[in-house]
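> next input, structure requested:
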Amino acid sequence: MNTTFVKTLRNPKTAITALLISLSVILTSCGSGTSGKNFNIPGVDGPNVVLLGDDILINVVFENMTIEGGARYAIPKYPNSYVEIAPDLESEGTLMAFSVSLDDIFGDSVKRLDPLTLPGGRAIPGVSSGTLPAVAFSIEKFKNVAFYIGPQIFGVWIPLKKLNMPGAMITTRFYTGSKRVGNLSLVGEDANGENAGFFLALTVSSYQERLLKRQAKRY
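Okay, here's the model as predicted:
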């Protein structure tokens, strides 16, 4: 993200104009709606999404974060899912990988989750109520990771240390290949200068159809 845009965002009178200019540049350089390309998040490679068997795999590389060793963490309320942190094999960065089971997403336990906003109390973009049932947790180097689930939406919130986009939010369509599978939102710091990050919302109706077909084969 260029320094001119960062300085401009600190001036409330020109923040909206700067945000629109930045969004235009991002979409022009990375491809817009029909191209099937996603915008770049500063310092991040990804997220990348793959459906492998009955699991949704979400991979993110933090290019400016280095760790010597990693670990795998269980996700509360998602017994068959996990998040793993490890040194990235293809760069000096750090890989964050989520493996989310379709059985967990559509299981009974997640249906009893309390509704939450994004960290910092801001409404979830693209959701009329501004909230979704969710579970939030923290792991090493990442505070307030959160999973959200709705009737046709699965979302993951990934915190970032600093974006220098106070009060700003950018939301665009998110693609896997040429197929749109959801939305990606880049969210700046809140009024307290905290809770910057990005929110990936996936449409899960097609995944649910696949799960139902698999379950039907069992009987």
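> can you give me the strands for this structure?
Ranges of strands in the chain, per DSSP state E, are 44-52, 55-62, 71-75, 78-87, 94-101, 115-116, 132-139, 142-149, 153-160, 169-176, 179-187, 196-203.
> mind putting these into a markdown table with mean pLDDT?
Shown next, in a markdown table, are the strands of the chain (pLDDT from 0 to 100):
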| stretch | mean pLDDT |
| --- | --- |
| strand 44-52 | 92 |
| strand 55-62 | 94 |
| strand 71-75 | 93 |
| strand 78-87 | 94 |
| strand 94-101 | 94 |
| strand 115-116 | 92 |
| strand 132-139 | 92 |
| strand 142-149 | 91 |
| strand 153-160 | 93 |
| strand 169-176 | 92 |
| strand 179-187 | 92 |
| strand 196-203 | 94 |
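> out of these, nearest to K37?
Among the strands of the chain, the nearest to K37 by Cβ to Cβ is strand 169-176 (6.6 Å). For every residue, glycine as well, the C-beta is placed using N, CA and C.
> the closest one to strand 196-203, inter-axis angle?
40 degrees (axes from the mean of the first three to the mean of the last three Cα atoms, to 10 degrees).
> what's the angle between strand 169-176 and strand 179-187?
150 degrees.
> distance from strand 169-176 to the middle of the chain?
Chain-centre distance of strand 169-176: 10 Å, with Cα atoms, centre = their mean, to the nearest Å.
> look up the pLDDT of K77 for me, please.
Model confidence at K77, given as pLDDT, is 90.
> only the buried residues of stretch 83-90, if you could.
For stretch 83-90, the neighbour count (16 or more other Cβ atoms under 10 Å) marks V83, I85, D88 as buried.
> nearest to K111, of those residues?
Looking across the buried residues of stretch 83-90 and measuring by Cβ to Cβ, the closest to K111 is V83, at 21.2 Å.
> in CSV, list the strands of the chain along with distance to I124.
Output for the strands of the chain, formatted as CSV (distance: least, Cβ to Cβ, whole Å):
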stretch, distance to I124
strand 44-52, 17
strand 55-62, 17
strand 71-75, 19
strand 78-87, 19
strand 94-101, 18
strand 115-116, 8
strand 132-139, 6
strand 142-149, 7
strand 153-160, 7
strand 169-176, 10
strand 179-187, 8
strand 196-203, 7
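> G120 contacts A196, correct?
No. Applying Cβ atoms under 8 Å, one finds G120 not in contact with A196, separated by 9.0 Å.
> more neighbours, the two?
A196 (21 against 15; other Cβ atoms under 10 Å).
> quickly list what that one is bridged to.
L160 (DSSP bridges).
> that one: what's it in contact with?
P159, L160, K161, K162, L163, M165, V187, G188, E189 (Cβ atoms under 8 Å, 6 or more residues apart in numbering).
> count of residues packed around K162?
K162 sits with 11 neighbouring residues when counted by other Cβ under 10 Å.
> kindly report the same for A97.
Count around A97 with other Cβ under 10 Å applied: 19.
> against L160, how distant is it?
Between A97 and L160 the distance is 17 Å, computed by Cβ to Cβ, to the nearest Å.
> what does V50 give?
For V50, the distance to L160 - Cβ to Cβ - is 22 Å.
> more neighbours: those two, which one.
More crowded of V50 and L160, by other Cβ under 10 Å: L160, with 20 against 10.
> test my guess that that one contacts G197.
Yes. L160 lies in contact with G197 (Cβ under 8 Å); the separation is 4.8 Å.
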